[in-house]
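below are the sequence and a predicted model for it; my questions follow.
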Amino acid sequence: MKKTFLSLLIGMSISTSALADDLYQVYQMAMEKDPTINGAKADRDAAFEAISVSRATLLPQISGSISYSDSTADSYSRDAGTGELYTYDYHTKNLALDLGLTLSIYDRKNWVALSRAEKVA
C-alpha cells in the first residue's frame with residue numbers, strides 16, 4: 001500500500017510538472033498569436049517611433065548636391081581679307097558642389113509635437 005501511494009505521488013508530481021511546461025508553452029504560443037496583444041504591441045512601438053520622428057524636426061537638417069557637366073563646341077570663322085577658314089574648339093568641364101545646413105532656432109509646433117508624442121507613449 002505504501003509503495004502504491006508513493007508511486008502514485010511520484011507519478012502525479014512528474015505529470016504535473018510536464019503539464020505545467022506544456023501549459024506554459026501553450027500560453028506563450030497563445031500570447032504570440034493573439035491579435036489584440038499584437039495590436040497593442042504595434043501601437044506601443046508606433047508611439048515610441050513617433051517620439052523619434054518628432055525629435056528629428058529639432059535636429060539640424062543637412063542637404064547636399066553634386067553636378068558635373070562636360071561640353072564641347074566648335075566654332076568656325078572665315079577671314080574676310082584672305083578667305084582663310086579658322087576653327088575654334090571649346091571644351092569646358094564644370095563641377096558644382098552644394099552643401100546646406102538648416103536648423104530651426106525655435107519653432108513652437110515642433111516642441112508641442114514632441115511633447116504630445118511623449119505623452120502618448
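Yep, that arrived.

Ser67 reaches Ala96, doesn't it?
Yes. If you go by C-beta atoms under 8 Å, Ser67 and Ala96 touch, sitting 4.7 Å apart. For the C-beta atoms, the positions are set from N, CA and C on the backbone; glycine is no exception.

now the helices for this protein?
Taking DSSP state H to define them, one finds helices in the chain at 2-33, 35-56, 108-120.

buried stuff in the second one?
Within helix 35-56, the residues scored as buried using 16 or more other C-beta atoms under 10 Å are 50-51, 54.

can you check the shortest one too?
Of the residues in helix 108-120, those scored as buried under the neighbour-count criterion (16+ other C-beta under 10 Å) are 113-114, 117.

let's have those residues in JSON lines, adding pLDDT and distance to Asp34.
Formatted as JSON lines, the entries for these read as follows, by pLDDT from 0 to 100; distance: C-beta to C-beta, whole Å:
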{"residue": "Ala113", "pLDDT": "88", "distance to Asp34": "32"}
{"residue": "Leu114", "pLDDT": "88", "distance to Asp34": "32"}
{"residue": "Ala117", "pLDDT": "88", "distance to Asp34": "27"}
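
so where is the chain shaky, pLDDT-wise?
Under the criterion pLDDT under 70, the flagged ranges of the chain are 1-21.

do that again at 50, thanks
Counting by pLDDT under 50, the low-confidence segments of the chain come to 16.

looking at the buried residues of helix 108-120, which is nearest Tyr106?
Distance to Tyr106, by C-beta to C-beta, is smallest for Leu114 among these, at 12.7 Å.

got a list of what that closest one touches?
Counting by C-beta atoms under 8 Å, 6 or more residues apart in numbering, Leu114 touches 51, 54-55, 57-58.

so how far is Ile51 from it?
Here the distance between Leu114 and Ile51 works out to 7 Å (C-beta to C-beta, to the nearest Å).

could you do Ala42 as well?
Computed as C-beta to C-beta, the Ala42 to Ile51 distance reads 16 Å.

and Asp34, its phi and psi?
Backbone torsions of Asp34, given as degrees, to the nearest 10, read phi -70, psi 120.

Tyr90 contacts Asp74, doesn't it?
Yes. Taking C-beta under 8 Å as the definition, Tyr90 is a contact partner of Asp74 at 7.5 Å.
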